[in-house]
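# predicted model follows, preceded by the sequence.
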Number of protein chains: 2
Amino acid sequence: MVNSPDNRSSGSGDGTVRERLLAAAEELFSEQGFNGTSIRDIAAAAKCNIASVNYYFGGKENLYVELWRRHHAQIVGVRIESINEVMSRSGGKPGLEMLLKSFAEAFLGPLMDSNKGPRLMKLMAREMIDRNLPKDMFGKEVIRPTMTAMQEALSKACPALEQSKIPLVVFSLVSQLLHTILIKAMHQGIDDQELAQFDPAMVIDHVVAFTAAGIRAYAKEEGK
Amino acid sequence: MVNSPDNRSSGSGDGTVRERLLAAAEELFSEQGFNGTSIRDIAAAAKCNIASVNYYFGGKENLYVELWRRHHAQIVGVRIESINEVMSRSGGKPGLEMLLKSFAEAFLGPLMDSNKGPRLMKLMAREMIDRNLPKDMFGKEVIRPTMTAMQEALSKACPALEQSKIPLVVFSLVSQLLHTILIKAMHQGIDDQELAQFDPAMVIDHVVAFTAAGIRAYAKEEGK
DNA sequence: GACAAAATCAAACAAGTGTTTTAAACTAAC
DNA sequence: GTTAGTTTAAAACACTTGTTTGATTTTGTC
């Protein structure tokens, strides 16, 4: 029985068929969703046989999981590294705007990359609504690490901010960033004309300024 | 041939089978998505025959559209009425916090209703990513009217705010409200423990205060 | 009750799904 | 050249999908 070629991790750049399958799956899953994409579509796009999906990954679901593992670690890594970099560069007490801007750029950067950015955005938005990953993989490995890192950094950057407000502030920040992603990813069809004016760079500057103002209002109120 | 019972609009509370189908479809579509729900599931939940979906609605897709028509007009109506009410009550120049809070409550209210609220939330989130409605119906009939009404109200409530900033401000406000919805709708699985602390009423107060501070920062900067 | 329209039903339909099977082609070691 | 292992290929499998059919029951009207 031939059934274990998949223990060969995706790290090394070996099999072309395997790589082609992952690339095609990423494209199609992000565009049409997990359930909306058949392995026949994937195989056709990768120019290989239908059975190859099962041969290399042991099933459609495993292909999807493998696809996520390739990216989520890197995305989370970029965000946390960015925070750490700002923290160390400023000796543990960064300026508020600097921290926010750095985080916003690290948050959106990998998703704005013209190559695979839009695909990852859609993939992420879909996974938030239709969970196809193993239970808790998305929350525990993607969302939580970013959240806590940012909360800790914010706490140090703005000691005057009451602890209980910090999760709310991060909530507001992340919600704006995610909405930026969503709009960009779904720009086709929802509202072309109106939303075309939302240039990413401009939106980032706005979100930073807007969020900083909101935080300072809390900090001042508390500082009294 | 018997094929036109569907010109009977859903307005009057007539057929029980028709109503049951719409209710079951709303439940299942919101929970599993359009493609993830079979008309056999729907028929089983509505306790009627499979063919009834085609008999009453002429297909799965039309059932979905009909389901949306029932709600989106009301949801949009509540939001715009709420804005108009605040505007007229304050003689065209409402307090900023009052306008924001009123809008936030009108925005989330229908979606927080314990009965069908969560279902509509999920339905809306899904439709934003996977468009199953006729082209532009979602953008033109749901999103746009609310947006423009709020932008006009904000412009009058805060004349010191530069016109070009208004769409950005509404963007920030709406993104926070939508994120509130998303978290509440998807609370299962993403991050139970951490996100349980986000009580809706508290989140609304936060969003209002946070957004007001962001707006005032823009207004002051402009007023100088 | 008789009749016609409306509503319900079980069954079948054609098409598409993920997966498995079985055989053929390729690759490298001896 | 033979052999063993890996990779590709086409076909079949069992199942689900949305829709349609044709018959049967229910409903309302005279």
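Perfect, I can see it now.

# interface residues of chain A facing DNA strand C?
A:37-41, A:50-51, A:53-54, A:59-61 (Cβ under 7 Å from any atom of the strand). Heads up, the C-betas are built off the backbone N, CA and C, glycines and all.

# among the residues you listed, which lie within helices?
A:39-41, A:51, A:53-54, A:60-61 (DSSP state H).

# among the residues you listed, which ones are buried?
A:39, A:41, A:53-54, A:60 (16 or more other Cβ atoms under 10 Å in any protein chain shown).

# which members of those are the farthest-apart pair?
A:41 and A:54 (14.9 Å; Cβ to Cβ).

# can you tell me if stretch A:203-214 touches chain B.
Yes: between stretch A:203-214 and chain B, judged by Cβ under 8 Å from any Cβ of the partner chain, the touching residues are A:203, A:206-207, A:209-214.

# show residues contacting that stretch.
With contact meaning Cβ atoms under 8 Å, 6 or more residues apart in numbering or on different chains, stretch A:203-214 is reached by A:96-97, A:100-101, A:104-105, A:108, A:169, A:172-173, A:176-177, A:180, B:165, B:168-169, B:171-172, B:209-211, B:213-214, B:216-218.

# switch the cut-off to 6 Å
Applying Cβ atoms under 6 Å, 6 or more residues apart in numbering or on different chains, the set of residues contacting stretch A:203-214 from outside is A:96-97, A:100-101, A:104, A:173, A:176, A:180, B:168, B:172, B:210, B:213-214, B:217.

# and for stretch A:92-108?
Under Cβ under 6 Å, 6+ apart, the answer for stretch A:92-108 is A:78-79, A:82, A:86, A:156-157, A:177, A:204, A:207-208, A:211-212.

# I only care about the residues you listed that end up buried; give me the ChimeraX line for that.
In ChimeraX, this line selects whichever of the contacts of stretch A:92-108 come out buried by 16+ other Cβ under 10 Å:
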select /A:78,79,82,86,157,177,204,207,208,211,212
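
# ok, back up a step: so which of the contacts of stretch A:203-214 belong to helices?
A:96-97, A:100-101, A:104, A:173, A:176, A:180, B:168, B:172, B:210, B:213-214, B:217.

# report the lowest-confidence entry in these.
Across the ones in helices among the contacts of stretch A:203-214, the smallest pLDDT goes to residue A:180, namely 86.

# so which of the contacts of stretch A:203-214 reach DNA strand D?
Okay, of the contacts of stretch A:203-214, nothing touches DNA strand D (Cβ under 7 Å from any atom of the strand).

# turn these into TSV, including distance to residue B:121 and neighbour count.
TSV is the format used below for the contacts of stretch A:203-214 (distance: Cβ to Cβ, whole Å; neighbours: other Cβ atoms under 10 Å in any protein chain shown):
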residue	distance to residue B:121	neighbour count
A:96	33	18
A:97	34	14
A:100	29	25
A:101	32	19
A:104	26	22
A:173	22	25
A:176	19	26
A:180	21	24
B:168	25	22
B:172	20	25
B:210	21	27
B:213	27	21
B:214	25	28
B:217	31	17
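
# now distance to residue B:112 too, for those residues, in TSV please.
Conversion of the contacts of stretch A:203-214 to TSV gives the following (distance: Cβ to Cβ, whole Å):
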residue	distance to residue B:112
A:96	32
A:97	34
A:100	29
A:101	33
A:104	29
A:173	23
A:176	21
A:180	25
B:168	26
B:172	21
B:210	19
B:213	24
B:214	24
B:217	29
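
# which one of those residues is nearest residue A:117?
Among the contacts of stretch A:203-214, and counting by Cβ to Cβ, the member closest to residue A:117 is residue A:180, at 12.1 Å.

# ok, the closest one - contacts?
residue A:203.

# what about the closest residue to residue A:122 other than its chain neighbours, how many neighbours?
Nearest residue to residue A:122, sequence neighbours excluded (Cβ to Cβ, 6 or more residues apart in numbering or on different chains): residue A:30, at 4.1 Å. Per other Cβ atoms under 10 Å in any protein chain shown, the neighbour tally for residue A:30 reads 23.

# any figure for the gap between residue A:30 and chain B?
11 Å (Cβ to the nearest Cβ, to the nearest Å).

# pretty sure that residue sits against residue A:123.
Yes: between residue A:30 and residue A:123 there is a contact under Cβ atoms under 6 Å: 4.3 Å.

# is residue A:94 in a helix, a strand, or coil?
Following DSSP: H, G, I helix; E, B strand; the rest coil, residue A:94 is assigned to coil.

# give me the element the closest residue to residue A:36 other than its chain neighbours is part of.
Of all residues not flanking residue A:36 in the chain, residue B:35 sits nearest, at 5.6 Å (Cβ to Cβ, 6+ apart). Assessed by DSSP states H and E, residue B:35 sits outside every helix and strand.

# one step back: pLDDT score for the residue nearest to residue A:122?
pLDDT, residue A:30: 88.

# with the one 10 residues further on instead?
Per-residue confidence for residue A:40 comes out at a pLDDT of 95.

# hang on, the earlier thing: which of the ones in helices among the residues of chain A next to DNA strand C lies closest to residue B:130?
Of those, the one sitting nearest to residue B:130 (Cβ to Cβ) turns out to be residue A:41, at 16.1 Å.

# from residue A:137, how far out is the nearest residue to that closest one once chain neighbours are set aside?
In this structure, residue A:41 finds its nearest non-sequential neighbour in residue A:28, 5.6 Å apart by Cβ to Cβ, 6+ apart. Distance, residue A:28 to residue A:137, by Cβ to Cβ, to the nearest Å: 21 Å.

# could you do residue A:110 as well?
19 Å.

# how about residue A:147?
16 Å.

# please say which of those two ends up with more neighbours.
Each of residue A:147 and residue A:137 has its neighbours counted (other Cβ under 10 Å); residue A:147 has more, 19 against 16.
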